[in-house]
Structure formats: structure tokens, C-alpha cells
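> prediction below, plus the sequence it came from.
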Amino acid sequence: MLTAESSLCTRPGAADPVASWTMPSVTFLHPGGRRETHEAPVGDSVMDCALDNHVEGIRGQCGGACNCSTCHCYVASPWFEQLPARGEAEIELLGYLETRRDNSRLGCQIVLSDELDGLIVEVPEKIPARD
């Protein structure tokens with residue numbers, strides 16, 4: 001028999017079916033001050049959120065494989081300090097950018113979690129050239 005409890009979908013590995021489909025929000029700040037906020041499922045990347053919502057300035061040309069820099073963004077404090085350290089491939093790709101800052105990250109490498117709900121990222125003024 002199907003009950004209300006058994007009909008809830010649960011993300012694999014999630015203990016609580018109600019809390020398993022949370023949607024953290026990400027705010028994208030654009031040059032000139034425009035801002036837009038979107039939600040995305042836990043486990044999606046900042047790049048996924050941007051592409052799903054047609055955020056101008058985030059292209060994600062490699063589809064999230066960490067092979068380009070077209071999802072480059074700046075992560076505002078205190079969020080930046082909460083992120084895992086950059087991997088070697090991300091460090092290398094960021095090294096090629098003229099617009100790199102200390103708080104630069106590739107959006108494909110930022111995986112959304114409940115702890116990142118409210119994340120604020122700034123979209124660079126200059127979009128990287130096609131890789």
C-alpha cells in the first residue's frame with residue numbers, strides 16, 4: 001500500500017526524504033550592479049545553476065569537465081573560505097586568466113550544498129576567450 005511517507009522521493013543516500021531535495025540559492029552579481037538569484041539542487045555546480053538559468057557571462061563551454069575557464073567567477077567572503085581548496089587543474093586554468101583574483105574560482109568546481117545556501121558570486125566583466 002502506498003502511503004504519504006513511502007511516496008516521498010529521496011535523493012540517494014539521504015536519510016530524511018523531506019530535507020533531501022533542498023534547493024540552495026546562488027546570487028550572481030553582474031558588472032554594473034545587476035543581481036539575480038536562482039536556486040539549484042544540492043549536488044549541482046554553480047556552473048550548472050548559471051547555465052540552467054541563462055546567467056549572462058557564464059558559458060561553461062566544456063560542460064563542467066574543468067577543461068576551460070568560461071565559468072570563471074569570483075566568490076565573495078565569507079563564502080570563499082567555506083569552499084574546498086582548488087584542485088591542480090583549476091589552479092592551472094585560473095593561472096591563464098588576466099582577470100584572476102585571489103577569490104577566483106571555476107563555477108564547475110563549486111558543488112552546491114545546504115551549507116552554501118545564499119552563496120554570492122560575482123561574474124567577471126571580461127568573458128574568457130573560447131578555449
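On my side now, so go ahead.
> ok, Trp89 touching Cys66?
Slight slip there: residue 89 is Ala, not Trp. Yes - with contact defined as CB atoms under 8 Å, Ala89 reaches Cys66; the gap is 4.8 Å. To be clear about C-beta, it is placed using only N, CA and C from the backbone, and glycine gets the same treatment.
> and those two? which has more neighbours close in?
Comparing Ala89 with Cys66 by neighbour count (other CB atoms under 10 Å), the higher total belongs to Cys66, at 17 against 13.
> any idea how far the spatially most central residue of the chain lies from Thr27?
For the chain, Val46 is the residue whose C-alpha lies nearest the centre (CA atoms, centre = their mean; 1.2 Å). Distance of Val46 to Thr27, given as CB to CB, to the nearest Å: 11 Å.
> spit out the residues that contact those two alike.
Overlap between the contact sets of Val46 and Thr27, as judged by CB atoms under 8 Å, 6 or more residues apart in numbering, is given by Leu119, Val121.
> re earlier: now for the residue nearest to the centre of the chain: which residues touch it?
Val26, Ile58, Cys71, Cys73, Arg105, Gly107, Cys108, Ile110, Leu112, Leu119, Val121.
> wait, which of the residues you listed is closest to Ala50?
Ile58 (3.7 Å; CB to CB).
> ok, the residue lying closest to Ser45 once chain neighbours are set aside - how many residues close by?
Excluding its sequence neighbours, the residue lying closest to Ser45 (CB to CB, 6 or more residues apart in numbering) is Cys108, at 5.1 Å. For Cys108, the number of neighbouring residues by other CB under 10 Å comes to 27.
> that concludes my questions; thank you for your assistance.
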